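Enquirer: attaching a predicted model along with its sequence, questions to come.
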Amino acid sequence: MSQSSQPTCRIVRPGDTYDGKQGFSYFAGIAAESVGSSGICMHLLTIPPGGRAKAHKHASHETAIYMLSGEAHTWYGERLENHVVVRAGEMFYIPAGVPHLPANLSDQPASAVIARTDPNEQESVILLPELDGLVPA
């Protein structure tokens, strides 16, 4: 293996954003696309006041969330029948394949660090439009 193709440590300074299939704009972070990661991605997300994602799941990939500020409501389950509020300083785990829909119901932004076991951040996102109407807007 030549020196140029060997893995190396990288610093990522979030600045660029991208629009995810889920309906949120993310700060670009650690991913296969940015650093060549092979088993993880990690991004920053700020959900604006009143912001709401589209119902979705991540096929075959787990998600871990650490709320930095604010709070996010998340409905989850096959018919989004479960509800949790994740507050600043708390962590939230979503198993692979579990449908979910996060929203910020407050009048303040909510920010979180999101890590997934999918290095290609958007590749495993499956939208579930049939579930969107199950959670009041």
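Expert: Ah, there it is. Bear in mind the structure is a predicted one, so any value in this text is a computation, not a measurement.

Enquirer: and the strands in the chain, which stretches?
Expert: Counting by DSSP state E, the chain has strands at residues 17-19, 25-30, 41-47, 56-58, 63-69, 71-76, 82-87, 91-94, 100-103, 110-116, 125-127.

Enquirer: now the ones you listed in TSV, with mean neighbour count and distance to Gly133?
Expert: For glycine as for every other residue, the C-beta is placed from the backbone atoms N, C-alpha and C. Putting the strands of the chain into TSV (neighbours: other Cβ atoms under 10 Å; distance: least, Cβ to Cβ, whole Å) gives the following:
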stretch	mean neighbour count	distance to Gly133
strand 17-19	13	22
strand 25-30	18	23
strand 41-47	21	20
strand 56-58	23	14
strand 63-69	17	23
strand 71-76	20	12
strand 82-87	13	16
strand 91-94	15	21
strand 100-103	23	11
strand 110-116	20	23
strand 125-127	15	13
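
Enquirer: any idea which of the ones you listed gets closest to Ala137?
Expert: With respect to Ala137, and counting by Cβ to Cβ, the nearest of the strands of the chain is strand 100-103 at 9.0 Å.

Enquirer: so where's the chain uncertain?
Expert: Residue ranges of the chain with pLDDT under 70: 1-5, 121-122.

Enquirer: tell me the centre residue of it?
Expert: Compute the mean C-alpha point of the chain, and by Cα atoms, centre = their mean the closest residue is Ile114, 5.0 Å away.

Enquirer: surely that residue is in contact with Thr46?
Expert: No: taking Cβ atoms under 8 Å as the definition, Ile114 is not a contact partner of Thr46, at 11.1 Å.
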